[in-house]
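# Let me see the structure of the following:
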Amino acid sequence: MRTHISLLLLVFALCELTSLATGYCRNYCDNKYSGYGTRPCTKTLTEKGQLTRKCGWLWRKRCVTGYYTKYKSGYSCCPTTCRVDGKWGGWSSWSRYSSCSVTCGAGSERYKRWRNCNNPTPKNGGRDCSGQRYSYEYRNCYRSKCPINGGWSSWKPWQSASACSVTCGTGSKRFTSTRSCNNPKPQNGGRGCSGKTRKYGTKRCSTNRGCPVDGGWGNWTRASASTPCSVTCGVGIQVYEKQRSCNRPTPKDGGKDCRGVATQKRKKTCSTNVACPEKGSIRCLARKCSEYGNCGCSFGFYGDGFTCTGSRGRRFLVLFMENAVDYYNKNRHFSKIHIASRKNATITIKTSKSLSPKLREKMNKSFQIQNGQTEVDVAIAMRTLDFKTEHKGILVETSETVSLFAMSFDGYSSDSSLILPVERLGRRYIVGSSAPYSPDISDYNSQVAFVAAEDNTVVTVTFNIADGRVLVFNNKKYQTGHKMEFDMKQMEDFQISHNRDLTGTVIESSKPIAVFAGNKCNKLKRFGYCSHLVEQLPPTSNLDKTFIVAPSLRKTGGMVRVVANSKTNLQVIVNGTTKRATVEKTRHYDVAVNDNSVTVIKSNAGVLVLSFAVRLGRRTAGDPYMTLIPGLEQYINQYYIAVPKGYDENFLTVIIPSEAKSSLRLNSKPVSSGSVVTEASVNVTAEAEYVTMVIEVAGGAHQIETTDGTRFGLLIHGRGREDGYGYAGNMVSPGII
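Modelled structure (predicted):
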């Protein structure tokens, strides 16, 4: 190409020279390649030169004297241009323009080639090449095999996976369906399917036969008398009966009948409004008034037409056990006897002739009291001392039937106990106490004391001492199972103390005695202070089998102790949770309770139940006290009790059948809802529901009873600054002398 153009230029030059020399020029244009040509033209020719003259030595040189220019016109051959249209040159070789379209398997990749518009290149306004400069094509490419992720197949039809869930009536049946990871299968490292290969569903199924329907009890009917009054004069008892039907629902298709009884009977007092020839408050004498018995029991007693019973009486044997001395409050030491009498009465206090004359003179007295509550001061010196035969029994005689309890107070250490009439005393007792907080401090000691009601009384103590410890008296060692014997006169007493728990110790006598037990001053928790614990114990012949233990105070915890008189199968229910235990003879079982716990205790033999109210808080809220818990058979329908004065708060805890709650009267009036601190319901059996009520009252005498004769349990307790007390309203069973 370049050679061709060079030749054209050479020809053009020769022609120019020729035309100039000859005067000939032709029109010519190379419009295919170079775009150059010629044409004839007239030109002005210019001649330039110098003007010279001879000069120099001997005129041998020529010196320039000037310059000149000459102009003339002449025929010439001028160059010219012409348009050259562009044409494509040849294609380049193919080269790869893009990578393979896939990273695995078969794909395609793009190739490219190009050409230039230079054969010739367009000049002097010539046209560009027409068509594409670049050309592309796709070629096949292949990489390694691609991973294939698995895919689920369709779910298979449902298949049965279980039998019908019921054997009667309509239930549900379980079905299952499966699928496989084969649509497609995972290959070349591909992922498996996500999800489950099996799913479940349920469908209703029918057995085509009805289900057994267990029966349910309907409501109780209103209680109505089912027997006549047991007496024809005075006050007796009458059986009331209520019924219910097993119809909510009625059992069908083989369903179970209702469990429990369809008829419930309860004894209530009844009055014939006919006066008996005589009235005896304790035992009915033979009368002609009725062949069924004709005893009209006085207020506060419960009778069956033959025998009246209760904790009220006219002769009481009192004993004050040793209390820890608060040396910082010596002016606040006292022992008191509280008497609650519904009538004006004469009180006579007697002591043993063997007591010192000075104490006898101070203690022996006779005086008149008005109805209500009366406090009798007792000399501190009348408190018993450990391991000494003393004569500190106090006999209280009254002209009217009264209730009596004793209070021992030392600074911030006090407790109280209901005092049983002499005719309620027995010949065998089992001790209830608590484990001393520290065996190194004698003030925490476990105690038991007893006093004889008659001369020539032989008392035998069979020890049960915790932790296998030894008691030493008169240079003789005693352990659990060992016996200690005493010959005692009327109002003679003896007190035993130990730094280990004496619970389960048995006291037996040839004649009736009064027995008291507790702790000198004990505490049941790490914080707080100790407090005197004491209760007069009931004879083992009066121990009951079923008990309800209500909370003693607001925001308190506590412990319930069950002491077995014989090997006993025990059932303890706390807030609906049942525990069972077998307790061996003279052993005990403890239950920790919180501030709102209602505890039900059932046993197959008579047991002693004690409630220990634990201190309410770390500051000025009341230290522990011990209360004997009456059994359901020890409930009566009338109480006249004394509540001590001088405490910040006093309470009555009532345990009563739910249906009789509305018949409860306090001082002849319905109980005010504003005075009820707490209230809780508890089922003793499926048929027997009780209500526990804690009622706040003022100090003084109070009469509490039911208008329909329903029997109920009663506890009296209170608290002051770092102190508390508690005792039961009754502790002997109806029908027992």
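
# Isn't residue 120 up against residue 86?
Yes: using CB atoms under 8 Å, residue 120 is in contact with residue 86, at 6.5 Å. To be clear about C-beta, it is placed using only N, CA and C from the backbone, and glycine gets the same treatment.

# give me the low-pLDDT residue ranges for the stretch 601-737 of the chain?
Judged by pLDDT under 70, the stretch 601-737 of the chain has its weakly predicted residues at 615-622, 686-687, 734-737.

# Wait, a helix at residue 490?
No: counting by DSSP: H, G, I helix; E, B strand; the rest coil, residue 490 is not part of a helix but coil.

# Now do the SS call for the closest residue to it other than its chain neighbours.
In this structure, residue 490 finds its nearest non-sequential neighbour in residue 455, 4.9 Å apart by CB to CB, 6 or more residues apart in numbering. Assigned with three-state DSSP, residue 455 falls in the coil class.

# coming back round to it: between residue 120 and residue 86, which has more neighbouring residues?
Taking other CB atoms under 10 Å, residue 120 and residue 86 do not tie; residue 120 has more neighbours (21 against 18).

# does the more buried one sit in a helix, a strand or a coil?
State at residue 120, reduced to three classes by three-state DSSP: coil.

# can you give me the end-to-end distance of stretch 341-356?
Length of stretch 341-356, first residue to last, CA to CA, to the nearest Å: 31 Å.

# And for stretch 81-94?
Stretch 81-94 has an end-to-end distance of 38 Å (criterion: CA to CA).

# how about that stretch: buried residues?
Using 16 or more other CB atoms under 10 Å as the test for burial, stretch 81-94 gives 82, 84-87.

# Repeat that for stretch 716-734.
Going by 16+ other CB under 10 Å, stretch 716-734 has these buried residues: 716-720, 722-734.

# ok, of the buried residues of stretch 81-94, which one's closest to residue 608?
residue 86 (130.0 Å; CB to CB).

# Contact partners for the closest one?
Residues near residue 86 by CB atoms under 8 Å, 6 or more residues apart in numbering: 117-118, 120-122, 126-129.

# Quick check on those: which are buried?
Neighbour-count burial (16+ other CB under 10 Å) applied to the contacts of residue 86 gives 117, 120-122, 126, 129.

# what does whatever helix or strand residue 38 lives in rub up against?
Element membership for residue 38 (DSSP states H and E) is strand 36-55. Here strand 36-55 makes contact (CB under 8 Å, 6+ apart) with 8-9, 12, 15-16, 19, 25-30, 60-82.

# can you do 6 Å?
Here strand 36-55 makes contact (CB atoms under 6 Å, 6 or more residues apart in numbering) with 15, 25, 27-30, 61-74, 76-78, 80, 82.

# again, but for stretch 205-216
Stretch 205-216 is contacted from outside by 164, 168-171, 173, 246, 248-249, 251-258, using CB under 6 Å, 6+ apart.

# 7 Å - rerun?
Stretch 205-216 is contacted by residues 164, 166-173, 246, 248-258 when judged by CB atoms under 7 Å, 6 or more residues apart in numbering.

# Kindly report the same for stretch 658-671.
654, 656, 681, 689-691, 695, 702-708, 710.

# Any of these buried? List them.
By 16+ other CB under 10 Å, the contacts of stretch 658-671 give 654, 656, 690-691, 695, 702-706, 708, 710 as buried.

# So which of those is the closest to residue 373?
Residue 373 lies nearest to residue 702 out of those, by CB to CB, at 8.8 Å.

# And the closest one, which helix or strand is it part of?
strand 700-706.

# So which elements touch that strand?
Applying 3 or more CB pairs under 7 Å, 6 or more residues apart in numbering; DSSP states H and E, one finds that strand 700-706 contacts strand 372-378, strand 638-643, strand 664-666.

# angle of the following helix or strand past it against strand 700-706?
Note on strand 700-706: by DSSP H and E, the next helix or strand toward the C-terminus is strand 713-720. In terms of direction (axes from the mean of the first three to the mean of the last three CA atoms, to 10 degrees), strand 713-720 departs from strand 700-706 by 150 degrees.

# any idea how far the helix or strand following strand 713-720 is from the chain center?
Using DSSP H and E, the helix or strand that follows strand 713-720 towards the C-terminus is strand 723-728. Strand 723-728 sits 30 Å away from the centroid of its parent chain (CA atoms, centre = their mean, to the nearest Å).

# Contacts for strand 723-728, please.
For strand 723-728, the surrounding residues in contact (CB under 7 Å, 6+ apart) are 405, 407, 412, 414-418, 531, 552, 613, 622-625, 627-630, 644, 715-718.

# And those, which of them are buried?
Among the contacts of strand 723-728, the ones that count as buried by 16+ other CB under 10 Å are 405, 407, 412, 414-418, 531, 552, 613, 622-625, 627-630, 644, 715-718.

# just checking, which of those residues belong to helices?
Among the buried ones among the contacts of strand 723-728, DSSP state H puts none in helices.

# all strands of the stretch 301-450 of the chain, in order?
302-303, 308-309, 313-318, 333-341, 345-351, 365-369, 372-378, 394-410, 413-418, 426-430, 446-452 (DSSP state E, counting those that start in this stretch).

# chain center to the last one: distance?
It refers to strand 446-452. 43 Å.

# tell me which strands and helices that strand is in contact with?
Using 3+ CB pairs under 7 Å, 6+ apart, strand 446-452 is in contact with strand 493-498, strand 506-522.

# and the next element down the chain from it?
strand 457-462.

# Quick one: neighbours of residue 370, just the number.
Around residue 370 there are 10 residues (other CB under 10 Å).

# related to what we said a few turns ago, what's the PyMOL line that selects buried ones from the contacts of strand 36-55?
Here is the PyMOL command that picks out the buried ones among the contacts of strand 36-55, judged by 16+ other CB under 10 Å:
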select buried, resi 15+25+28+29+30+76+77+82
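
# Identify the residue with the minimum pLDDT among the contacts of residue 86.
Within the contacts of residue 86, residue 126 has the lowest pLDDT, namely 85.

# Next, that residue: secondary structure please.
At residue 126, secondary structure determined by three-state DSSP is coil.

# Against residue 590, how distant is it?
123 Å (CB to CB, to the nearest Å).

# Equivalent analysis for residue 434, please.
To residue 590, residue 434 is 9 Å away according to CB to CB.

# In terms of neighbours, single out the busier of the two.
Taking neighbours as other CB under 10 Å, residue 434 and residue 590 compare with residue 434 leading, 25 against 13.

# close enough to count as contact, that one and residue 531?
No: counting by CB atoms under 7 Å, residue 434 stays clear of residue 531, with 11.0 Å between them.

# Note down every partner strand of the strand holding residue 702 and its orientation.
When sheet partners are counted by DSSP bridges, strand 700-706 sits next to strand 638-643 (antiparallel), strand 664-666 (antiparallel).

# Now residue 166: which helix or strand?
Going by DSSP H and E, residue 166 is not in any helix or strand.
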